[in-house]
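[1] Model the following, please.
(chains A and B)
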Protein chains: 2
Amino acid sequence: MTVTEQMAKVAMDARAAAQILASLSSAVKNELLQRMAESLINCSEQLIEANGRDLAAAREAGLAPAMVDRLVIDPARIHAMADGLREVAGLPDPVGEVTGMRRRPNGLLVGRMRIPLGVIGIIYESRPNVTADAAGLCLKSGNAVILRGGKEAIHSNLAIGNVLKNELQRMGLPGSALQVIETTDREAVLELLKREDEIDLIIPRGGEGLIRFVSEHSRIPVIKHYKGVCHTYVDASADFSQAEKICLNAKVQRPGVCNAMETLLVHKDIAETFIPHIAAAMRAQGVELRGCEVTQEFAPEAAAVTEEDWYAEYLELTLAVRVIEDLDEAIAHIRKYGSLHTEVIVTRDYENSQRFLNEVNSSVVMVNASSRFSDGNQLGLGAEIGISTTKLHSFGPMGLEDLTTRKFIIYGDGQVRT
Amino acid sequence: MTVTEQMAKVAMDARAAAQILASLSSAVKNELLQRMAESLINCSEQLIEANGRDLAAAREAGLAPAMVDRLVIDPARIHAMADGLREVAGLPDPVGEVTGMRRRPNGLLVGRMRIPLGVIGIIYESRPNVTADAAGLCLKSGNAVILRGGKEAIHSNLAIGNVLKNELQRMGLPGSALQVIETTDREAVLELLKREDEIDLIIPRGGEGLIRFVSEHSRIPVIKHYKGVCHTYVDASADFSQAEKICLNAKVQRPGVCNAMETLLVHKDIAETFIPHIAAAMRAQGVELRGCEVTQEFAPEAAAVTEEDWYAEYLELTLAVRVIEDLDEAIAHIRKYGSLHTEVIVTRDYENSQRFLNEVNSSVVMVNASSRFSDGNQLGLGAEIGISTTKLHSFGPMGLEDLTTRKFIIYGDGQVRT
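    Now for the predicted structure:
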């Protein structure tokens, strides 16, 4: 078979399996996920063995130790995958929920029922745990899933996929509801991205390069986020100790993730007092500051920012700082340089809090809390399948419900249109 | 300016206007739509004059009379556009609605606020009334709109656009919130479809050719429906007179629209009695039947169907008829040949009604009612911007709410993540 034929078969098999998955009860899906969790632990040895082949290849190829570490599967990570599946099994099932039932004047009863999307393609990079995590969320929401990980984790991904698929088959369910693509060249991805008649959604997870590649070539809808340039705006009325706590947490608690703060905006009226204060606190945590001219006046150790810094997602202990005139300028800065991810205002002023919540249209907008809460789990969605910074279908952290859609259901008693 | 530069300017101007539109109160938006309605009527003469140029060009080009008729703007159609705008002004505003507010264990109050999508592009064919109808829905939902109609209606579309834009400007709002593209070549569309940083959604309205063209070339999310191959399944338990009334209405009340029935499925147990009955009724309305072998046995006047008939959206007085074994076969037929638009079961059997509602995942699924109700207005959404048969974001008839998305809003009191 050519790659084109292989991917056509994968997609069509997934489509057929999706019909069956869509009708499963929550109880069956939950049992499936529990069994999968148990099986991952029981098969630890074979997973670690397969992972060993990936690790050997990675070391041979001279991958950086940090990259190799991301590839590792050990007993702790296997337990984490199993716990993830059990957690998803425990979440409420969005499928089948009926909402908005209303009687029309002609007697028709009209409402909406939540249904699975159908077939979801996940295209991801090195971490092999995504194979289990994404599969759990897609199956729980009644979808078939096609998983295409990076070639550096191919043996690990296939091994995890096989363990999970066996549980599907043991329960009499179609194994093609969960398929890990064996072909590791880009052509396979390109072929998958053309199967718009069988695949309903593509979610790329990885670096900006991967996401742009997928987005440019896909005929299937893609939900994505390129980067998180998250802002914290400290208003003139802010409680300084609260502002310090929130800024430090947003910047240093885990700087390498998309919901960490990248730019701090400070109202001019408090620049003279707040900036020396926060600069010292950041310095104590090893944060390198890059500031506008006014910032440099009050924090002489700060390097000068360039225009590019305002667009930067550092993902490390670097922070851009700007002193601004007022709330309007803060909002204008966020609109111009932001990535629609997460923005925070620290304030004690009622009107400013409301204006910020209403006028900043990023996917997550907060008052007096750390941007690090911008996460599906923290916001109460349960496990997270990704974060969307495009507005169609989902905006912000995505959970199970985001893997479903709604159809109209109508109960009549012979109505016809006149 | 090149076409590329022109379209870049259109898109960037729309993006800037969208920031302002998003913050307008419902009262201001409703007043705008009322003023636009009044202004269309006051400017009737200039609209009819501009339309005259399109009609002259159409006749000169030898367009079919039916096509010319679709282009006509007369006082009745101007009143219909004005009434449409007034109706939209009267609909509830989805923007600003806050739902799902919940307290997290750490005290954070988390909910979602509905916001406009931003900038919406509408790409449509001949009917100039779409200019006013689509503009009204986009503006009411707080979005800026870019309208690109067919070249045969260019003078009419520009004239309508100017009348509406004047009302924006008279209220001190940015005229670029509503832009009708003047360039009529395809290059302009291709350039628009690349402006993913400024345009949030593209809605194509027209024939399948236009929709496929837009869908294939767009980097911006597209919501679309290619066709409506709507089925009515008459179950063994159906009330014959109800079934006849529903089938006739679905087929003949307005055969040229996407929610008309194209295929009738009949349970084998009632074929001998129901088919002669419905065939006679259809014949009396001028419907040409194409049937499977069993159908032909009981309705000898029916022509033989081919495989293609099952996929056909006739949009005229032609009906494909198939006798099937049972509900399973009916569902399998709909899954194989359907277009995910609208499907109906006529039955008195409780279990079959529930199975049909649960297992058929088209965008609209009905029991004992005519498929002709599959329409935003009929289902209670108010005016309709389109119908989606793809599952992302919207599925089925789309109203104002479908032109919005939701952001997370979070009220904290100093929470940080540990």
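[2] could you point out which element follows the biggest helix by length in chain A?
    Counting residues, the longest helix found in chain A (DSSP state H) is helix A:3-22. Once the chain leaves helix A:3-22, the next helix or strand it forms, by DSSP states H and E, is helix A:26-42.
[3] could you check the angle helix A:3-22 makes with that following helix?
    Counting by axes from the mean of the first three to the mean of the last three CA atoms, to 10 degrees, helix A:26-42 lies at 120 degrees to helix A:3-22.
[4] helices or strands next to helix A:26-42 in the packing?
    Applying 3 or more CB pairs under 8 Å, 6 or more residues apart in numbering or on different chains; DSSP states H and E, one finds that helix A:26-42 contacts helix A:75-90, helix A:129-140, helix A:154-170. No exception for glycine: its C-beta is placed from N, CA and C like everyone else's.
[5] The residue lying closest to residue A:61 once chain neighbours are set aside - how many residues pack around it?
    Excluding its sequence neighbours, the residue lying closest to residue A:61 (CB to CB, 6 or more residues apart in numbering or on different chains) is residue A:152, at 7.8 Å. Neighbourhood size, residue A:152 [other CB atoms under 10 Å in any protein chain shown]: 22.
[6] same for the longest helix of chain A, what does it pack against?
    Looks like helix A:3-22 contacts strand A:109-116, strand A:119-124, strand A:144-148, strand A:178-180, helix A:186-192 (3+ CB pairs under 8 Å, 6+ apart).
[7] Next, format the ones you listed as a markdown table and append distance to chain B and mean pLDDT.
    Formatted as a markdown table, the helices and strands packed on helix A:3-22 follow (distance: least, CB to the nearest CB, whole Å; pLDDT from 0 to 100):
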| stretch | distance to chain B | mean pLDDT |
| --- | --- | --- |
| strand A:109-116 | 5 | 98 |
| strand A:119-124 | 10 | 97 |
| strand A:144-148 | 13 | 98 |
| strand A:178-180 | 20 | 98 |
| helix A:186-192 | 15 | 95 |
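[8] Distance to residue B:301 and mean neighbour count added to these, as TSV?
    Converted to TSV, the helices and strands packed on helix A:3-22 look like this (distance: least, CB to CB, whole Å; neighbours: other CB atoms under 10 Å in any protein chain shown):
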stretch	distance to residue B:301	mean neighbour count
strand A:109-116	37	21
strand A:119-124	42	26
strand A:144-148	44	26
strand A:178-180	49	24
helix A:186-192	47	18
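[9] Count the residues that sit near the spatially closest residue to residue A:325 that is not a sequence neighbour.
    Nearest residue to residue A:325 in three dimensions, chain neighbours excluded: residue A:268, at 5.9 Å (CB to CB, 6+ apart). When neighbours are defined as other CB under 10 Å, residue A:268 has 13 of them.
[10] Is stretch A:82-102 positioned near chain B?
    Yes - judged by CB under 8 Å from any CB of the partner chain, stretch A:82-102 and chain B are in contact via A:96, A:102.
[11] Using CSV, list the CA coordinates for that stretch.
    Only the C-alpha atoms of stretch A:82-102 are listed here, as CSV (Å, rounded to 0.1, in the frame of the first residue of the first chain):
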residue,chain,number,x,y,z
ALA,A,82,-2.9,5.3,34.4
ASP,A,83,-4.0,8.0,36.9
GLY,A,84,-4.9,10.3,34.0
LEU,A,85,-7.1,7.7,32.4
ARG,A,86,-8.8,7.0,35.7
GLU,A,87,-9.4,10.7,36.3
VAL,A,88,-11.0,11.0,32.9
ALA,A,89,-13.2,7.9,33.6
GLY,A,90,-14.4,9.8,36.7
LEU,A,91,-15.4,13.0,34.8
PRO,A,92,-19.0,13.5,33.8
ASP,A,93,-19.8,12.4,30.2
PRO,A,94,-20.9,15.3,28.1
VAL,A,95,-22.5,13.0,25.4
GLY,A,96,-26.2,12.7,25.4
GLU,A,97,-26.9,15.8,27.4
VAL,A,98,-30.1,17.6,26.2
THR,A,99,-30.4,21.3,26.6
GLY,A,100,-32.7,24.2,25.7
MET,A,101,-35.8,22.1,25.1
ARG,A,102,-38.5,24.6,24.2
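[12] quick one: buried residues of it?
    The neighbour-count check on stretch A:82-102 (16 or more other CB atoms under 10 Å in any protein chain shown) flags A:82, A:84-89, A:91, A:93-96 as buried.
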